[in-house]
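In: predicted model, plus sequence, below.
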Amino acid sequence: MTSIIRHKKKTPRFIAKSNYVKPYLTPANIEARLSHCFSNMLDFVHVDEKWFYLTKVKRRYYVYDDEEVATRSVKSKHYITKVVFLAAVALPATTITPRRFETASNNCPKGTLVTVPQAVDSTVYFDAILNKVVPAIMAKFPGGLRRGDVFLQQGNAIPHRCVTTELLQAKGVRGIVESNQPTNSPDFNVLDFGFFSSIQSLQHQKATRSIEELIGAVESAFYELPADTVAKTFITLQKVLEMSIEMLGSNDYKLPHMRKDASIADFASYNVEFDASCYESALTHFHERLGEESTMEALVNSLD
């Protein structure tokens with residue numbers, strides 16, 4: 001290490017660069033990503049869940065030199081109390097329901113409302129989508145303003161597979177279509193571009209000692225979050241889609257720093273400008289791939 005530092009001082013061009021592991025993409029993954037990039041993002045509602053913890057394993061406190069930091073203890077750092085929130089673009093909802101405490105105890109007098117933990121599985125997830133997300137979409141996307149179906153974009157986790165367009169229609173939901181984001185493409189999820197981390201940062205500024213306080217802190221952080229923060233995440237998503245199109249669906253790109261605060265006046269109305277020739281080239285490539293697949297499928301059918 002000493003020789004590397006010495007060489008770095010002698011050679012200014014010798015610098016350190018970070019490298020992050022990215023999901024491996026199959027040809028089918030790349031094609032699905034490119035197809036997704038050409039979709040109209042104005043009709044998509046991004047859905048994802050996020051765990052929020054009652055406390056962090058390590059926290060920094062500022063105290064006077066004659067003060068002692070309070071002791072924090074849990075049975076195991078792997079089992080810190082946590083609550084899962086569901087967000088549809090920007091709308092969280094817990095999967096925990098309060099019930100009345102029937103018997104008295106040292107901590108809870110009889111009749112006290114307590115929050116009961118609930119395991120999160122496909123049934124709970126579908127119930128949250130149907131009774132929380134769908135009504136919110138209906139309120140935010142009234143029929144008169146829709147240009148067509150609203151696409152419910154969610155990840156590819158196993159519990160998410162219970163939400164299908166057919167099942168939503170069977171429950172009387174019309175105009176909302178389930179659309180999983182491309183496989184191995186977490187970079188297409190707008191909620192991971194700073195929305196969740198911003199809420200978590202605000203939540204950690206509040207001291208919480210119970211599930212109820214944790215839920216209140218997260219909800220408070222949600223309402224305190226500036227609208228521009230959400231708008232910035234969609235600008236980042238536009239840039240990610242642009243870079244993916246330039247790479248013909250690959251994730252082998254380096255996202256440039258856009259300096260949003262200094263260069264963008266109105267985050268809500270800003271759109272990333274994309275080179276027309278690059279767009280047309282990628283679209284031509286995509287159509288050629290579709291043509292090749294159709295030809296191959298016809299050939300296989302003829303052999304059968």
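Out: Thanks, I have it. Numbers count the residues shown, from 1 in each chain.

In: can you list contacts of stretch 257-264?
Out: By CB atoms under 8 Å, 6 or more residues apart in numbering, the list of residues contacting stretch 257-264 from outside reads K232, I235, T236, K239, F267, Y270. No exception for glycine: its C-beta is placed from N, CA and C like everyone else's.

In: what pLDDT, on average, does that stretch get?
Out: In this model, stretch 257-264 has an average pLDDT of 85.

In: same check on stretch 291-304?
Out: For stretch 291-304, the mean per-residue pLDDT is 69.

In: related to what we said a few turns ago, between the contacts of stretch 257-264, which is nearest H285?
Out: Of all the contacts of stretch 257-264, H285 sits closest to K239, with 20.3 Å by CB to CB.

In: please name the residues that touch the spatially closest residue to that closest one that is not a sequence neighbour.
Out: In space, and not counting its chain neighbours, K239 is closest to V272: 5.6 Å by CB to CB, 6 or more residues apart in numbering. For V272, the contacting residues are I235, Q238, K239, E242, by CB under 8 Å, 6+ apart.

In: mind checking the SS state of V272?
Out: On the three-state scheme (DSSP: H, G, I helix; E, B strand; the rest coil), V272 is labelled coil.

In: just the pLDDT for it.
Out: 86.

In: quick one: buried residues of stretch 239-255?
Out: Neighbour-count burial for stretch 239-255, counted by 16 or more other CB atoms under 10 Å, picks out K239, V240, L241, E242, M243, S244, I245, E246, L248, G249, N251, Y253.

In: tell me which two of the contacts of stretch 257-264 sit farthest apart.
Out: K239 and F267 (13.1 Å).

In: for L214, pull up the helix or strand it's in.
Out: Assigning secondary structure by DSSP states H and E places L214 in helix 211-224.

In: ok, back up a step: from the contacts of V272, pick the one nearest L290.
Out: Distances from L290 to the contacts of V272, taken by CB to CB, are shortest for E242, at 21.4 Å.

In: I'd say that closest one and F274 touch.
Out: Yes: contact criterion CB atoms under 8 Å: E242 and F274 qualify, at 5.2 Å.

In: adding pLDDT and secondary structure, write the buried residues of stretch 239-255 out as a markdown table.
Out: Formatted as a markdown table, the buried residues of stretch 239-255 follow (pLDDT from 0 to 100; DSSP: H, G, I helix; E, B strand; the rest coil):
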| residue | pLDDT | secondary structure |
| --- | --- | --- |
| K239 | 92 | helix |
| V240 | 92 | helix |
| L241 | 92 | helix |
| E242 | 92 | helix |
| M243 | 92 | helix |
| S244 | 92 | helix |
| I245 | 92 | helix |
| E246 | 91 | helix |
| L248 | 90 | coil |
| G249 | 90 | coil |
| N251 | 92 | coil |
| Y253 | 90 | coil |
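
In: which two of these have the greatest separation?
Out: Maximum distance among the buried residues of stretch 239-255 (CB to CB): 16.6 Å, for K239 and L248.

In: and the contacts of stretch 257-264, which is closest to D66?
Out: Nearest to D66 among the contacts of stretch 257-264, with distances taken as CB to CB, is K232, at 42.9 Å.

In: give me the number of residues near the closest one?
Out: 22 (other CB atoms under 10 Å).
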